[in-house]
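Undergrad: I'd like to go over a predicted model; first the sequence, then the structure.
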Amino acid sequence: MSNVDRQPDEVECGATPAGAGVEVIRAREVPLGGPRAMTVRRTLPTHERSMIGAWCFADHYGPDEVTRSGGMNVPPHPHTGLQTVSWLFEGEIEHRDSAGVEAPVLPGEINLMSAGFGISHSEVSTPDTTVLHGVQLWLALPDRVRNAHNGFQHYAPPAVELPDVRAGGPGGTARVFIGELAGSAAQITTATPLLGAELVLNPGARVALAVNEEFEHGVLLDTERLLLDGVALAWGDLGYVGPGLGGIRLHNPTDAPARAILLGGAPFDEDIVMWWNFVGRSHEEIVEYREEWEARAVRFGSVSGWTDDQYLPAPPLPTTRLKPRRRSKQ
């Protein structure tokens, strides 16, 4: 998915120090563009926090009736230095990229595209899709591999049971699409240690998850209410906890299933600059990427089924040097 902000911020990030407690990040609404713009809720990056591990971008959307929202119709756009993670709850999206990959994005199955040195791709909801609902996530690549070849991975994780710590019996399920959790290991390769999972908690359930204490974690809530280590999250909120915890506690106080996306990773120890759809290391690199995209340089290739005049243009750069946004200190 593209970042379609007309004035996207440049984001310079460094390692996040360990901290205590739960930080609640409220989403901001961003239109995806077009006359019937589909709206997404963005929690990464925000002014409160720019990254969780290598996770540097999180859009949460739906459930949207396609006849009202217009669905997803994102024409070819570029990426550098990152990996995109597509995860759907409902609907179907067609992915096409300049490496020649054409693949559906289906509920409960991860599609991970690595941009590396450069790639372009399009994302369009299919004609049969009536409701679209899911998340789009980005991962920053470390310097040692950020200019490597692009690539694509797909995996359909099984659902594993999560026990209820108080009532006994099942408390819910997890689908681990990146990393390891609850005895399940995803068949996906990432450049840094990470965790990504869809969690569904039964009504009233209390679940304790053993997690890597070296990771920082975020819980993005897709339903009405959830307690993260005793702190209430509302629909669309991202709850953040810093490194140093070997476990997190979740409680669904409602009488309906609760669904959330759990993100985790070792604090990213490199400074990055992110603007529009690019991740680089300096202002000058971002300027170069933009110029090459506007010139349709070989770095980004072409996507089948689209003409040059349909490609998403880059927003204008500010007339002054872009100012970095740093991670919040705790």
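TA: Sure, I can see it. Numbers count the residues shown, from 1 in each chain.
Undergrad: my read: E213 touches P243, true?
TA: Yes. E213 lies in contact with P243 (C-beta atoms under 8 Å); the separation is 6.6 Å. No exception for glycine: its C-beta is placed from N, CA and C like everyone else's.
Undergrad: when these two are compared, which one has more neighbours?
TA: When neighbours are counted by other C-beta atoms under 10 Å, E213 and P243 differ, and P243 comes out ahead with 19 against 11.
Undergrad: quick one: P107 from L132, how far?
TA: Here the criterion is C-beta to C-beta, to the nearest Å. By it, P107 lies 10 Å from L132.
Undergrad: what do you get for V287?
TA: Taking C-beta to C-beta, one finds V287 at 34 Å from L132.
Undergrad: likewise for G301?
TA: 27 Å.
Undergrad: what segments of this structure are helices?
TA: Shown for the chain, the helices assigned by DSSP state H span residues 66-69, 283-294.
Undergrad: now the ones you listed as JSON lines including mean neighbour count?
TA: Output for the helices of the chain, formatted as JSON lines (neighbours: other C-beta atoms under 10 Å):
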{"stretch": "helix 66-69", "mean neighbour count": "15"}
{"stretch": "helix 283-294", "mean neighbour count": "17"}
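Undergrad: to M274, which of these lies closest?
TA: For the helices of the chain, proximity to M274 was assessed by C-beta to C-beta; helix 283-294 is nearest, at 8.4 Å.
Undergrad: any idea how far that closest one is from the chain center?
TA: Offset of helix 283-294 from its chain centre (C-alpha atoms, centre = their mean, to the nearest Å): 23 Å.
Undergrad: next one: stretch 170-177
TA: The chain centroid and the centroid of stretch 170-177 are separated by 19 Å under C-alpha atoms, centre = their mean.
Undergrad: so what touches that stretch?
TA: For stretch 170-177, the surrounding residues in contact (C-beta atoms under 8 Å, 6 or more residues apart in numbering) are 85, 87, 108, 110, 155, 157-165, 181-182, 184-186, 188, 195-202, 205-207, 252, 257-258, 262.
Undergrad: filter those residues to the buried ones?
TA: By neighbour count, with 16 or more other C-beta atoms under 10 Å, the contacts of stretch 170-177 hold 85, 87, 110, 157, 162-164, 181-182, 184, 186, 188, 195-202, 205-207, 252, 258, 262 as buried.
Undergrad: between G301 and L132, which one's more packed in?
TA: Neighbours per residue (other C-beta under 10 Å) separate G301 from L132, with L132 holding more: 24 against 18.
Undergrad: was I right to think that one contacts G71?
TA: Yes. Between L132 and G71 there is a contact at 5.6 Å, judged by C-beta under 8 Å.
Undergrad: now for the two: what residues contact both?
TA: M38, D64, S125.
Undergrad: what's the burial count for the last one?
TA: Residues contacting S125 under the criterion other C-beta under 10 Å number 24.
Undergrad: for it, which non-adjacent residue is closest in space?
TA: G71 (3.7 Å; C-beta to C-beta, 6 or more residues apart in numbering).
Undergrad: give the contact list for that neighbour.
TA: Taking C-beta under 8 Å, 6+ apart, one finds M38, D64, V124, S125, T129, L132 in contact with G71.
Undergrad: phi, psi of it?
TA: When read as degrees, to the nearest 10, the backbone of G71 gives phi 70, psi -160.
Undergrad: now it: how far from G239?
TA: To G239, G71 is 29 Å away according to C-beta to C-beta.
Undergrad: any idea how far H79 lies from A260?
TA: The value you get for H79 to A260, if C-beta to C-beta is used, is 26 Å.
Undergrad: equivalent analysis for P76, please.
TA: Taking C-beta to C-beta, one finds P76 at 32 Å from A260.
Undergrad: noted, bye for now.
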